[in-house]
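*Asks:* Here is a sequence together with a model predicted from it:
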Amino acid sequence: MTGVPRLPTSLVAPTPGWTRSADVIVVGSGIAGLAVAMHARRAGLSVLVVTKSYVTAGSTAWAQGGIAAALADDDSPAAHRKDTLVAGAGLCDVAAVDVLVNDGPRAINDLLAWGTQFDRDSAGGLALTREGGHHRRRIAHAGGDATGAEIVRAMVAEVAENPGITVIEHALALDLLTDVRGNVQGLTLHVIGEGQQDGVGAVLAPAVVLATGGIGQVFSASTNPTVATGDGVALGLRGGAIAADMEFIQFHPTVLWLGGEAVGQQPLVSEAVRGEGAYLVDDDGVRFMLDEHPLAELAPRDVVAKAIMRRMRATGSEHVWLDGRHLSEDMWTHRFPTILASTRTHGIDPVTDLVPVGPAQHYTSGGLRTDTWGRTNVGGLFACGECSCTGVHGANRLASNSLLEGLVFADRIGQLLASGLPERAEPVEKPTAAGLTDPAARTELQRAMTDGVSVLRSEQSIGEAQRRLAALPQGDEPGTPAWETTNLLTVASTIATGAQLRCETRGSHWREDFHDRDDDHWRRRILTRLRPDGTLAVDYEPLATMAAEQGQVNV
């Protein structure tokens, strides 16, 4: 495939300096990883959680809006299902959506049992709000707009009290260890620690669950924390797993605009602010979303992001404005304290000021392809949360379904592991193809993806991004910067490949040279795997005819 660099099939070759073992290894410490750990431990299994920074440093802690489930008397799993399918733009896996919406309320009860303190209404019930794409108030939240932080607090405390779960921080997962049959038997990782848990080591287990979160640092600006470098997807690809739907990158429509040169993690202005009545205007004060979609500012995120980009192009502006001045100061103080503090830090008071906002990378609907039990195509390897592709999100994630997905499918992985572990065997060595990427190339990689494979895409822009990726220099010095940059290149190449092949506009994939959704040819997933020689191979997974069920709305 032209313009695609040759990618490494492993990051390290040296013999591990130390070894540990467990029944289950979980990579990642967000909501998905910690929930898997607790469900596996409930089954009596020994669990080792490895996370490359502090246990609280992942994306979950940054989640503002909340978690969606059919909890209200006027709501139902069927209504939640309908909203999820419409947002997914005809590409959802209906079986996975059914699991999500039907098991969702029970998953919320798990969070409550683990000590999560959700916000309550005056009658003592859960306070629920709306976000984009939802026709009901079904978003539970905590601390106003600090839902993720509260969930992480409760789950970390629960894990800390369980002696059957061991957590290793500052541990970057490198490569899967597999046996002669290709089944997983653990992984190698690099730990920055003390004593035997320092340097490159091996952790052995017949079941490995990847829950490493997002890929945000592939782009110049993202709402994701700096640890979100796509490690799980890249590691899975190197181990033989298949990735799917990688072209569907969700750009959050309302990220605080800090200037054209701002890079790295950007402050999010939650969709819940629009759910409480704030709206978008252009430089002339025109509320442009009223003409874009029946739900106006509460349309699915891809619709809002595209509308903002079109309005910015039409007016020549670098951003639009979020107007929440009609919300009370009490609303801002108690419902959105995190956002209020963040905007005021940057000299903007949303109580009295318009807030400059624009789209930035937020979430990837794709990842390692799994079934409804979290299993990948590699024996013993599971994926959960944002690094997985259950098919729940289709072409565009419905707001606040992500935390729920992590919880629901973590429970199912736990159920499967409780029924019996895969067979243990000795891992075997495998050859290494290609080399590491020079960490100094990270900025150019991010610029190439932002310029060519962002909200607006075309054959020409994606092709130019691919050429720039293929030209990135290699480096000889192993270490976290090089390993992370290599993971970023692997993920970026996979995203660009899918974006170039999908010749239509669907959900969060907007091709300027193909404006229409093409159900006749593109009701199928693009599957990507890494060949032993370091090149990418592509296949397709057709979907059953579900157009009427999933909605004919061209968004």
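*Replies:* Cool, the structure landed.

*Asks:* correct me, but V99 touches W373?
*Replies:* No. Using CB atoms under 8 Å, V99 is not in contact with W373; the gap is 9.3 Å. Glycine gets a C-beta too; all of them are placed from N, C-alpha and C.

*Asks:* Identify the contacts common to these two.
*Replies:* Residues touching both V99 and W373 (CB atoms under 8 Å, 6 or more residues apart in numbering): F409, R412.

*Asks:* Pick out whichever of those two has more residues nearby.
*Replies:* A direct count of neighbours by other CB atoms under 10 Å for V99 and W373 places V99 higher, at 20 against 14.

*Asks:* tell me the SS of the more buried one?
*Replies:* Using DSSP: H, G, I helix; E, B strand; the rest coil, the secondary structure recorded for V99 is helix.

*Asks:* Beyond the lengthiest helix in the chain, next helix or strand please.
*Replies:* When every helix of the chain is counted residue by residue (DSSP state H), the longest turns out to be helix 480-501. Going down the chain from helix 480-501, the next helix or strand is helix 519-522, by DSSP states H and E.

*Asks:* mean confidence score for that following helix?
*Replies:* Helix 519-522 shows a mean pLDDT of 94.

*Asks:* Output it as CSV, restricted to C-alpha atoms.
*Replies:* What follows is helix 519-522, C-alpha atoms only, in CSV (Å, rounded to 0.1, in the frame of the first residue of the first chain):
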residue,chain,number,x,y,z
ASP,A,519,-25.0,2.4,2.1
ASP,A,520,-24.9,0.4,-1.1
HIS,A,521,-21.1,0.0,-0.9
TRP,A,522,-20.0,1.0,2.6
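
*Asks:* Please state the offset of it from the chain centre?
*Replies:* Mean-position distance between helix 519-522 and its chain equals 26 Å (CA atoms, centre = their mean, to the nearest Å).

*Asks:* cool, and stretch 31-45?
*Replies:* Chain-centre distance of stretch 31-45: 20 Å, with CA atoms, centre = their mean.

*Asks:* List the buried residues for that stretch?
*Replies:* Buried residues in stretch 31-45, counted by 16 or more other CB atoms under 10 Å: 31-41, 43, 45.

*Asks:* want to throw the residues you listed into TSV with distance to W483, secondary structure and pLDDT?
*Replies:* Conversion of the buried residues of stretch 31-45 to TSV gives the following (distance: CB to CB, whole Å; DSSP: H, G, I helix; E, B strand; the rest coil; pLDDT from 0 to 100):
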residue	distance to W483	secondary structure	pLDDT
I31	25	helix	95
A32	22	helix	96
G33	19	helix	96
L34	24	helix	96
A35	27	helix	97
V36	24	helix	97
A37	24	helix	97
M38	29	helix	96
H39	30	helix	96
A40	27	helix	96
R41	29	helix	95
A43	32	coil	92
L45	29	coil	97
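
*Asks:* Can you name the element that comes right after the lengthiest strand in the chain?
*Replies:* The longest strand of the chain (DSSP state E) is strand 355-364. Next helix or strand after strand 355-364 toward the C-terminus (DSSP H and E): strand 367-369.

*Asks:* after that following strand, next one along is what?
*Replies:* That would be, after strand 367-369 and using DSSP H and E, strand 381-383.

*Asks:* just how off-centre is that next one within its chain?
*Replies:* For strand 381-383, the distance to the chain centre is 15 Å (CA atoms, centre = their mean).

*Asks:* and what of stretch 512-525?
*Replies:* 23 Å.

*Asks:* list the buried ones in it?
*Replies:* Within stretch 512-525, the residues that count as buried by 16+ other CB under 10 Å are F514, R517, D519, W522, R523, R525.

*Asks:* gap between the closest residue to A425 other than its chain neighbours and L404?
*Replies:* Using CB to CB, 6 or more residues apart in numbering and skipping residues adjacent in sequence, the residue nearest A425 is D179, 3.9 Å away. Note on D179: its distance to L404, by CB to CB, to the nearest Å, is 34 Å.

*Asks:* now R20, which residues is it bridged with?
*Replies:* Taking DSSP bridges as the rule, R20 bridges to V203.

*Asks:* what's the burial count for it?
*Replies:* As a measure of burial, R20 has 19 neighbours, counting by other CB under 10 Å.

*Asks:* I figured it hits V191, correct?
*Replies:* No. Contact between R20 and V191 fails when scored by CB under 8 Å: they sit 10.1 Å apart.

*Asks:* hmm, back to that, counting neighbours, go ahead and name the busier of D179 and L404.
*Replies:* L404 (27 against 19).

*Asks:* ok, the more buried one - contacts?
*Replies:* With contact set as CB under 8 Å, 6+ apart, L404 has these partners: I67, A68, A69, L100, G104, A107.

*Asks:* And the fourth one, how far from A471?
*Replies:* Distance from L100 to A471, counting by CB to CB: 41 Å.

*Asks:* Same check on the fifth one?
*Replies:* Remark: distance between G104 and A471 (CB to CB) = 45 Å.

*Asks:* all helices of the stretch 1-150 of the chain, in order?
*Replies:* 31-42, 77-87, 94-113, 147-160 (DSSP state H, counting those that start in this stretch).

*Asks:* The third one packs against which elements?
*Replies:* Helices and strands touching helix 94-113, as assessed by 3 or more CB pairs under 8 Å, 6 or more residues apart in numbering; DSSP states H and E, comprise strand 67-68, helix 77-87, helix 401-418.

*Asks:* let's go with 6 Å and repeat that
*Replies:* helix 77-87, helix 401-418 (3 or more CB pairs under 6 Å, 6 or more residues apart in numbering; DSSP states H and E).

*Asks:* and the residue lying closest to V36 once chain neighbours are set aside, what does it touch?
*Replies:* Distances taken as CB to CB, 6+ apart place A410 nearest to V36, at 4.3 Å, with adjacent residues excluded. Residues counted as contacts of A410 (CB atoms under 6 Å, 6 or more residues apart in numbering) are A32, A35, V36, H39, C384.

*Asks:* go again using 8 Å as the cut-off
*Replies:* Contacts for A410 (CB under 8 Å, 6+ apart) come out as I31, A32, G33, A35, V36, H39, A211, G374, C384, G385.

*Asks:* Including distance to E329, could the residues you listed go into TSV?
*Replies:* Shown next, in TSV, are the contacts of A410 (distance: CB to CB, whole Å):
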residue	distance to E329
I31	32
A32	36
G33	38
A35	37
V36	41
H39	42
A211	39
G374	44
C384	40
G385	36
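
*Asks:* Relative to L256, which of those residues is nearest.
*Replies:* I31 (24.0 Å; CB to CB).

*Asks:* okay but the closest one is in contact with T60, surely?
*Replies:* Yes. At 4.5 Å, I31 counts as touching T60 under the criterion of CB under 8 Å.

*Asks:* who wins for proximity to A140 among the helices and strands packed on helix 94-113?
*Replies:* Of all those, helix 401-418 sits nearest to A140, with 9.6 Å by CB to CB.

*Asks:* Next, the buried residues of that closest one.
*Replies:* Buried positions in helix 401-418, judged by neighbour count with 16+ other CB under 10 Å: 401-414, 416-417.

*Asks:* Taking the residues you listed, tell me the two that lie furthest apart.
*Replies:* Maximum pairwise distance in those, criterion CB to CB, is 23.9 Å, between N401 and L417.

*Asks:* Please confirm that I462 is located within a helix.
*Replies:* Yes. Counting by three-state DSSP, I462 is found in a helix.

*Asks:* and it, how many neighbours?
*Replies:* By the criterion of other CB under 10 Å, I462 has 24 neighbours.

*Asks:* With L237 instead?
*Replies:* With other CB under 10 Å as criterion, L237 counts 24.

*Asks:* Might you report the residue contacts of it?
*Replies:* Neighbours of L237 in contact, by CB under 8 Å, 6+ apart: L7, A243, L368, T490, T494, T528, R529, L530.

*Asks:* what separates it from V428, distance-wise?
*Replies:* Using CB to CB, L237 is found at 19 Å from V428.

*Asks:* quick revisit: pLDDT on the longest strand of the chain, on average?
*Replies:* Throughout strand 355-364, pLDDT has a mean value of 94.

*Asks:* Mind giving me the packing neighbours of it?
*Replies:* Judged by 3+ CB pairs under 8 Å, 6+ apart, strand 355-364 is in contact with strand 221-222, strand 249-256, helix 301-315, strand 320-323.

*Asks:* Alright, I will stop here.
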